[in-house]
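Visitor: Give me the fold of what follows.
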Amino acid sequence: MAVTASPERDIVATPVQRATREALYAGAIVLGLFVLFIGLKTDQNISNELILVQRWWLLFAVVVLTMVGRFVYIAHGQPFLAKQKIADIATGLLPDTVATRFFRLPYFIAAIAIVAVLALLAGSLDALLGPGLAGYARFARALAIIYALASVLFYFRSFIHAHFSALGIAALATYPVIVVLVLALYSGSMAGGFQGSLKWIDNFGIQILIYVMLAWGLNIVVGLAGLLDLGYVAFYAVGAYAYALLGTQYGLSFWILLPAAGAMAAFWGVMLGFPVLRLRGDYLAIVTLAFGEIIRLVIINWREVTNGSAGISGIPKVSFFGLMSFNVSDPNYIAKVLDIAQSGAYYKIFLYYLILGLCLLTAFVTIRLRRMPVGRAWEALREDEIACRSLGINTTTTKLTAFATGAMFGGFAGSFFAARQGFVSPESFIFLESAIILAIVVLGGMGSLVGIAVAAMVMIGGTEALRELDFLKQVFGPDFTPELYRMLLFGMAMVIVMVWKPRGFVGSREPTAFLKERRAVSGSFTKEGHG
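Guide: You can find the predicted model right below:
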């Protein structure tokens, strides 16, 4: 057994002893950090009096889980990872990786069998197991499905890596069709498939793609030009309110207001760019943060125009290029024109493909701009502004074009958000939104479109998945709400990813200018903080 010697004393500590000590330290730290956040909760009684609800059992569970996790990592995880780097003396080969051991064919077959059995018994789980155990069975089915899909991705990883972009676009294009067909088979009717697809297309499709587009727009400013922007949500708000005000007051079409919202957001991006031309680093971040708060406060206080905190409602829906409408009362309603059954899923599916098209447009423009002189000027500005100036590059226009282009895509996303919601208010454009978008860019890898898209899918899709974990109420009680802990899990995920992948999911990038052969540049050779 491996042993370690303490430098202070000649005492030999085994891995189990070290793990026990580390687990006690971790438990004490978690107890001190969360005693007020988890152990006590403020609530109101029937007399509307503020009371404290004690939740020591939940705090105890969190502390114990943390201690167990730390103990297992120190006692077993670290020695296992160390052995993975030691080659076998007889064969000279390294041991099998964790993924190879985890994704084995017998496990895959067992997962498929579990999914098949639980799918066949889906309608009678409550009667057979009871409501409590049925929730655990559905969760086990979800885990088995995830494992099976992960196994397929692992076995075909070489093919997927070689054709990732084409496969990703194909999967996104067929996602609503697959969801509707699967749910139709599950419910036994196409009407049930369309109705059941609303949640999956809206929360796990449209919501994620909105953040993908926002993150790709911010990536132009932060990832390509290296300008730290903490107020990007301001351009999101400008686009949303531009469409809401012009659409409700003048009845203009979405297809007219979409480019108008982008142009207005780009204008305000230039307005932000002028005062910060000489700023960089933390000073630039503070000014952009202030700009975002200024826009939000103007929206709240300019009540004659924006209706203040009450927001704007009755925002018109998007039409199918004016040919078909999605309002049931209109004579050109899509179900009447095509002579099909009436359903609210048609509008959600149309919005999904609309935001998918906007995302693809954002990616196409970003890729083309990177290969143009302005894109290479952004990258030069990011790496070294002084060297950029010495090469004769106009840093003023370079910064302004970066702010304007990134803001334009934020305005597009904002106008789409207003059309999707039918209502906008200042609460949708707080600083937390800017922080989430920036976190997606950093976690995905600055400058990497694929990495940012994966980060958005993991972070936003993961938080949305918490709404489906109702079985946890059987463990922690009926008052437990999983989605309230989404920001805690979001922060934990950020810490884990930054420790595991300091430069994001994709830490290398391909240069836009190369000699004879294009090669990916490792994150180790790029400027600190930029992927």
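
Visitor: In this protein, which residue is most central in space?
Guide: The residue lying closest to the centre of the chain (CA atoms, centre = their mean) is Ala456, at 2.6 Å.

Visitor: Need phi/psi at that residue.
Guide: phi -60, psi -40 (degrees, to the nearest 10).

Visitor: ranges for the strands of the stretch 401-531 of the chain?
Guide: 423-424 (DSSP state E, counting those that start in this stretch).

Visitor: Residue ranges in the stretch 351-500 of the chain under the pLDDT threshold?
Guide: Residue ranges of the stretch 351-500 of the chain with pLDDT under 70: 470-480, 482-483.

Visitor: switch the cut-off to 80
Guide: For the stretch 351-500 of the chain, the stretches flagged by pLDDT under 80 are 447, 462-500.

Visitor: repeat for the stretch 201-350 of the chain
Guide: Scanning the stretch 201-350 of the chain for pLDDT under 80 picks out the ranges 277-281, 322, 327-330, 339, 341, 343-344.

Visitor: wait, what's in contact with the residue nearest to the centre of the chain?
Guide: If you count contacts by CB atoms under 8 Å, 6 or more residues apart in numbering, Ala456 has them with Ile208, Tyr211, Val212, Ala215, Ile440, Gly444. In short, each C-beta sits where N, CA and C put it, glycine included.

Visitor: and the fourth one, how far is that from Met446?
Guide: Looking back up the chat, that one is Ala215. 11 Å (CB to CB, to the nearest Å).

Visitor: Between these two, tell me which one has more neighbours.
Guide: More neighbours surround Ala215 than the other of Ala215 and Met446, with 32 against 27 (other CB atoms under 10 Å).

Visitor: hmm, who's touching stretch 386-403?
Guide: Contacts of stretch 386-403 (CB under 8 Å, 6+ apart): 220-221, 224-225, 227, 229, 269-270, 272-274, 276-277, 374, 377-378, 380-381, 385.

Visitor: and it, how far apart are its ends?
Guide: 19 Å (CA to CA, to the nearest Å).

Visitor: Domain-wise, how is the protein divided?
Guide: Listed by automatic domain parsing, the domain ranges of the chain are 1-93, 163-468+501-525.

Visitor: closest to Ala116 out of those?
Guide: Taking CB to CB, domain 163-468+501-525 is the member of these nearest to Ala116, at 13.3 Å.

Visitor: Pick the one among the contacts of Ala456 closest to Ile114.
Guide: Each of the contacts of Ala456 was checked against Ile114 using CB to CB; the closest is Ile208, at 27.2 Å.

Visitor: which is the next helix or strand following the one helix or strand that closest one maps to?
Guide: Element membership for Ile208 (DSSP states H and E) is helix 207-219. Later in the chain than helix 207-219, the nearest helix or strand by DSSP H and E is helix 233-250.

Visitor: Which residue, other than its chain neighbours, is closest to Ala265?
Guide: Gly411 (2.6 Å; CB to CB, 6 or more residues apart in numbering).

Visitor: Please list all residues in contact with the one you found.
Guide: Phe235, Tyr236, Val238, Gly239, Ala242, Ala261, Gly262, Ala263, Met264, Ala265, Ala266.

Visitor: Farthest pair within those?
Guide: Spatial extent of the contacts of Gly411 (CB to CB) is set by the pair Tyr236 and Ala263 at 15.0 Å.

Visitor: neighbour-wise, which of these two wins?
Guide: Set Tyr236 next to Ala263 and count neighbours by other CB under 10 Å: Tyr236 wins out with 31 against 15.

Visitor: could you point out which element follows whichever helix in the chain runs longest?
Guide: Selection of the longest helix in the chain by residue count, based on DSSP state H, yields helix 125-155. Downstream of helix 125-155, the first helix or strand assigned by DSSP H and E is helix 157-162.

Visitor: who touches the very next helix or strand once past that next one?
Guide: Scanning forward in sequence from helix 157-162 by DSSP H and E, the next helix or strand is helix 164-187. Contacts to helix 164-187, defined as CB under 8 Å, 6+ apart, come from residues 122, 160, 190, 192-194, 196-197, 200-201, 205, 345, 349, 352-353, 356, 360, 450, 453.

Visitor: Show me just the buried residues among the residues you listed.
Guide: Buried subset of the contacts of helix 164-187 (neighbour count, 16 or more other CB atoms under 10 Å): 190, 193-194, 196-197, 200-201, 205, 345, 349, 352-353, 356, 453.

Visitor: Tell me the one of those nearest Leu153?
Guide: Proximity of the buried ones among the contacts of helix 164-187 to Leu153 was ranked by CB to CB; the top entry is Ala453 with 15.5 Å.

Visitor: Tell me the spacing between the closest one and Ile208.
Guide: Going from Ala453 to Ile208 by CB to CB gives 9 Å.

Visitor: Also Leu185?
Guide: Taken as CB to CB, the span from Leu185 to Ile208 is 24 Å.

Visitor: Those two - which one has more neighbours?
Guide: Neighbours were counted for Leu185 and for Ile208 using other CB under 10 Å; Ile208 has more, 21 against 13.

Visitor: The more buried one: what's its closest spatial neighbour, skipping adjacent residues?
Guide: Per CB to CB, 6+ apart, closest to Ile208 is Ile460, 4.9 Å.

Visitor: Could you pull up the residues touching the one you found?
Guide: With contacts taken as CB under 8 Å, 6+ apart, Ile460 has the following neighbours: Gln207, Ile208, Tyr211, Ile440.

Visitor: mind putting these in a markdown table, distance to Pro95 included?
Guide: Below are those laid out as a markdown table (distance: CB to CB, whole Å):
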| residue | distance to Pro95 |
| --- | --- |
| Gln207 | 41 |
| Ile208 | 37 |
| Tyr211 | 39 |
| Ile440 | 35 |
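
Visitor: For ChimeraX, write a command that selects the buried ones of these.
Guide: ChimeraX command restricting the contacts of Ile460 to the buried ones, with burial defined by 16+ other CB under 10 Å:
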select :207,208,211,440
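
Visitor: Spatially, which two of the contacts of Ile460 are the most separated?
Guide: The most widely separated members of those, counting by CB to CB, are Gln207 and Ile440 (12.7 Å).

Visitor: Tell me which entries of the contacts of helix 164-187 lie within helices.
Guide: Going by DSSP H, the helices hold 160, 190, 192-194, 196-197, 200-201, 345, 349, 352-353, 356, 360, 450, 453 from the contacts of helix 164-187.

Visitor: Where does Ala113 sit, in terms of helix or strand?
Guide: Using DSSP H and E, Ala113 falls within helix 105-120.

Visitor: What are the contacting residues of that helix?
Guide: Leu125, Ala137, Arg138, Ala140, Arg141, Ala144, Ile145, Tyr147, Ala148, Ser151.

Visitor: That one vs helix 125-155, what angle?
Guide: On the basis of axes from the mean of the first three to the mean of the last three CA atoms, to 10 degrees, helix 105-120 is oriented at 150 degrees to helix 125-155.

Visitor: between helix 105-120 and helix 164-187, how big is the angle?
Guide: Using the same axes, to 10 degrees, the inter-axis angle of helix 105-120 relative to helix 164-187 is 40 degrees.

Visitor: Figure out how far helix 105-120 is from the centre of its chain.
Guide: 29 Å (CA atoms, centre = their mean, to the nearest Å).

Visitor: Ok, stretch 197-210 next?
Guide: 12 Å.

Visitor: can you check stretch 152-168 too?
Guide: Distance, stretch centre to chain centre, for stretch 152-168: 21 Å (CA atoms, centre = their mean).

Visitor: Now it: average pLDDT?
Guide: Averaging pLDDT along stretch 152-168 gives 86.

Visitor: Good, wrapping up.
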